[in-house]
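S.K.: Sequence plus the predicted model coming up.
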Amino acid sequence: MLLLKLCAWASMWIGAVSAWTSRPRLFWIAGGIALAAHVGLSFARVHGWSHSAAMEATALQVEAVSGFRSGGGLWFNYLFLAHWAWVAWRWDHLGRFGRRVWWGGFLFMGFNAAVVFVPVPARWLGVAWTAFAVASALRDGRRRGPSGSAGQPA
C-alpha cells in the first residue's frame, strides 16, 4: 500500500517539477510512468483486477466526501492517464493553449487526489503540493515564448 501511495505522489510531484527544468517532456514521461505504476498497483493489490470493485471503491470514497454516491470518477482517472500519455508524447507541440488546458486538468485531478480524497493529516502535504503545482503552472506559462514553443525538444 505504501508503494501505491508513493507512485501517486511521485507522479504528481514529478509533473509539477517539469516547469522548473529545461527538459519538461522527460519529466512528464517519468511522471506518467509513476502514474501508470500507481494504477497498475491499485488494480493488482487493492481491486483484484476488477473494474467493478474499483468502481465500488471509488463510489464509497466519493460518498464519504460529498454525500453523493458515484463511481464515475474512475472514468476520469482512466481519461487522465490516457491524456497524460498523450501530453508526454506531444508536449513540444501542445502550444500555449494546450498546455494551459493540461495544467488545468492536472491541477484539478491533483487537488482532488492530494487534498479532497486523503485523510485529514495528509491534507497539509496536499496543500503544499497544490501551491507548488500552481506556481509551476504559472512559471510554465511565463517561460514559454509567445508562440507557445517549448524551446529545445526533449
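M.R.: The structure has been received and is ready for your questions.

S.K.: Show me what the longest helix along the chain is packed up against.
M.R.: As assigned by DSSP state H, the longest helix anywhere in the chain is helix 123-143. If you count contacts as 3 or more C-beta pairs under 8 Å, 6 or more residues apart in numbering; DSSP states H and E, helix 123-143 packs onto helix 2-17, helix 95-111. All C-beta spots, glycine's among them, are computed from the backbone N, C-alpha and C.

S.K.: right, so of those helices, which gets closest to residue 71?
M.R.: helix 95-111 (16.1 Å; C-beta to C-beta).

S.K.: now the helices and strands packed on helix 123-143 as TSV including mean pLDDT and distance to residue 47?
M.R.: Formatted as TSV, the helices and strands packed on helix 123-143 follow (pLDDT from 0 to 100; distance: least, C-beta to C-beta, whole Å):
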stretch	mean pLDDT	distance to residue 47
helix 2-17	89	11
helix 95-111	92	19
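
S.K.: for those helices, which one sits closest to residue 118?
M.R.: Closest of the helices and strands packed on helix 123-143 to residue 118 is helix 2-17, at 9.2 Å (criterion: C-beta to C-beta).

S.K.: got the CA positions of that closest one in CSV?
M.R.: C-alpha atoms of helix 2-17 as CSV (Å, rounded to 0.1, in the frame of the first residue of the first chain):
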residue,chain,number,x,y,z
LEU,A,2,2.9,2.3,0.7
LEU,A,3,4.3,1.8,-2.8
LEU,A,4,0.9,2.5,-4.2
LYS,A,5,0.8,5.9,-2.5
LEU,A,6,4.4,6.7,-3.3
CYS,A,7,3.8,6.1,-7.0
ALA,A,8,0.8,8.5,-6.9
TRP,A,9,2.8,11.2,-5.0
ALA,A,10,5.8,10.7,-7.3
SER,A,11,3.7,11.3,-10.4
MET,A,12,2.2,14.5,-9.0
TRP,A,13,5.5,15.9,-7.8
ILE,A,14,7.4,14.9,-11.0
GLY,A,15,4.7,16.5,-13.1
ALA,A,16,4.8,19.8,-11.2
VAL,A,17,8.7,19.9,-11.2
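
S.K.: can you list contacts of it?
M.R.: For helix 2-17, the external contacting residues (C-beta atoms under 8 Å, 6 or more residues apart in numbering) are 27-28, 30-32, 34-35, 37-38, 41-42, 45-46, 84, 106, 110, 113-114, 125, 129, 132-133, 136.
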